[in-house]
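Undergrad: Sequence and predicted model, in that order:
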Amino acid sequence: MRTVKCVKLGKEAPGLERAPFPGALGKRILDEVSAEGWELWLEHQKMLMNEYRIDLSDKSSRQILKQQCEQFFWGPGSSAPPDFVPERK
């Protein structure tokens, strides 16, 4: 199993087995994001898709998610919508 220095977790952790999508961003994620960090993104992405009603068949919506992904890992973070209330567990 390969490990990466995860940009999100700030530690060495098991990496993804393959790039989550093609292109430079997919390669960067493969090289710098752990499997655990990617799971955090998937949960955040799910929330964004539900709250903003993102349609993945729309190219501009996919672009928004890519930008949010870059912010989540390498920027100031991707925040929840202003009126988002997390589900209590």
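TA: That came through, no problem.
Undergrad: Which positions within stretch 53-62 qualify as buried?
TA: residue 54 (16 or more other CB atoms under 10 Å). (Glycine included, C-beta is placed from N, CA and C.)
Undergrad: Work out for me the element residue 14 sits within.
TA: Following DSSP states H and E, the helix or strand that holds residue 14 is strand 12-14.
Undergrad: which parts of that strand are buried?
TA: residue 13.
Undergrad: CA atoms only for the helix or strand following it, dumped as PDB, please.
TA: As assigned by DSSP H and E, the chain's next helix or strand after strand 12-14 is helix 24-32. Provided in PDB are the C-alpha atoms of helix 24-32 (Å, rounded to 0.1, in the frame of the first residue of the first chain):
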ATOM      1  CA  ALA A  24      -4.000  17.600 -13.500                       C
ATOM      2  CA  LEU A  25      -6.300  17.900 -10.500                       C
ATOM      3  CA  GLY A  26      -6.800  14.200 -10.400                       C
ATOM      4  CA  LYS A  27      -3.100  13.600 -10.500                       C
ATOM      5  CA  ARG A  28      -2.500  16.200  -7.800                       C
ATOM      6  CA  ILE A  29      -5.100  14.500  -5.600                       C
ATOM      7  CA  LEU A  30      -3.500  11.100  -6.200                       C
ATOM      8  CA  ASP A  31      -0.100  12.500  -5.200                       C
ATOM      9  CA  GLU A  32      -1.100  14.700  -2.200                       C
END
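Undergrad: Could you check how far helix 24-32 is from the centre of its chain?
TA: 11 Å (CA atoms, centre = their mean, to the nearest Å).
Undergrad: so what strands line up beside the strand holding residue 14?
TA: Applying DSSP bridges, strand 12-14 is found paired with strand 3-5 (antiparallel).
Undergrad: tell me how far the partner strand is from the chain's mean position?
TA: 16 Å.
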